[in-house]
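Engineer: Could you look at this predicted model? Sequence included:
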Amino acid sequence: MSALPVLPPLREVIAAHGLNASKALGQNFLLDEQLLARIAAIPGMLEGQSVYEVGPGPGGLTRALLRAGANVVAVERDRRCLPALAGLAEAFPGRLRVIEGDAMAVDAREMAGEGAHIVANLPYNVGTALLVQWLSSGWRPWWASLTLMFQQEVAERIVAPVGSDHYGRLAILSQWRSSARIAMKVHRSAFTPPPKVMSAVVHITPEDAPAGVDFKVLERLTAAAFGQRRKMLRQSLKGVPGALEALARLDINPERRAETVSVPEFVAVARELSV
């Protein structure tokens, strides 16, 4: 790889373009370039790989990904940030494509291509919705991995084990055909401005989906089970046709509560109902 371009400090870029973080857009900028380099390293070797980034802002994580050798497609809704990102594109010719738009509305697969890694410090106000969108796509999905910054509480819900306070629908969605882990935690003081909560980076890689399971069935099942979280399964699932009979066939006690039912058990029930 050729010598990397010398870039001005991120604080200078922000000042030069008058980029104050927008609360309405859920923006909090990361300026620590060593920390950003660590995040960019989580997916593994990115030399020559395609990366899809949401909400790059002034381009802190973007420059770390480019320095790691990635070819980046970045979607930015805030047009104030576009001049700063244009400067990065000039510094790394042919390696950065910036799209002005709403990440909830664009076709990420079409923009980034098959096998891209998704790496993003997600805006807090759309982070969970984007994750669900990516996890709900066809399987195996078009993306190779997800490396995403969330509020720490959301990150803990994604990786939560059965029986824990954070275990729920998001954990099942993230774990039934993927591997999810917290790769690193990030203190609130690392951001400008500092958010009120701590953050964490979650790394998710797809695995083979269990055979014979209809995703929509699993979705309905977990919605019913956790919609009345403190109730026994015989109460929360009585509105799901065939669910109580499936519990009986699988020898799952209907007096258990949803938070005690493991991901494989929910998958087994969904398989019974998918026939």
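Structural biologist: In hand now; what should we look at?
Engineer: Just the residues contacting the helix or strand containing Val201, thanks.
Structural biologist: Val201 is part of strand 199-206 when elements are defined by DSSP states H and E. Identification of contacts with strand 199-206 by C-beta atoms under 8 Å, 6 or more residues apart in numbering yields 39, 42-43, 135, 139-141, 143-152, 155-156, 158-159, 174, 177-188, 190-191. For glycine as for every other residue, the C-beta is placed from the backbone atoms N, C-alpha and C.
Engineer: That strand: which residues count as buried?
Structural biologist: Residues 199-206 are the ones in strand 199-206 that count as buried (16 or more other C-beta atoms under 10 Å).
Engineer: Can you give me every residue that contacts Ala268?
Structural biologist: Here Ala268 is in contact with Leu250 (C-beta under 8 Å, 6+ apart).
Engineer: where does it fall, phi/psi-wise?
Structural biologist: Per-residue torsions, Ala268: phi -60, psi -40 (degrees, to the nearest 10).
Engineer: Tell me, what's the model's pLDDT at the nearest residue to Leu96 once chain neighbours are set aside?
Structural biologist: Nearest non-adjacent residue to Leu96, counting by C-beta to C-beta, 6 or more residues apart in numbering: Ala89, 4.3 Å away. Predicted confidence (pLDDT) for Ala89: 97.
Engineer: Likewise for Leu25?
Structural biologist: As summarised for this prediction, Leu25 has a pLDDT of 63.
Engineer: what does the one 10 residues further on give?
Structural biologist: Per-residue pLDDT puts Leu35 at 95.
Engineer: That one is in contact with Val186, isn't it?
Structural biologist: Yes - between Leu35 and Val186 there is a contact under C-beta atoms under 8 Å: 7.0 Å.
Engineer: neighbour count winner among the two?
Structural biologist: Each of Leu35 and Val186 has its neighbours counted (other C-beta atoms under 10 Å); Val186 has more, 22 against 18.
Engineer: so who does the closest residue to Thr192 other than its chain neighbours touch?
Structural biologist: Excluding the flanking residues, the one nearest Thr192 by C-beta to C-beta, 6+ apart is Phe29, at 4.8 Å. By C-beta under 8 Å, 6+ apart, the residues touching Phe29 are 10, 14, 19, 21, 57-58, 60, 191-192.
Engineer: Where does confidence bottom out across those residues?
Structural biologist: Least confident entry in those, by pLDDT: Ala21, with 65.
Engineer: before we move on, back to that, check the contacts of Phe29 and tell me the two furthest apart.
Structural biologist: Across those, no pair lies farther apart than Leu19 and Phe191, at 13.7 Å, counting by C-beta to C-beta.
Engineer: Quick check: neighbours of the helix or strand harbouring Thr147 in the sheet, parallel or antiparallel?
Structural biologist: Using DSSP H and E, Thr147 sits within strand 145-151. Strand 145-151 has the following strand partners under DSSP bridges: strand 117-121 (parallel), strand 199-206 (antiparallel).
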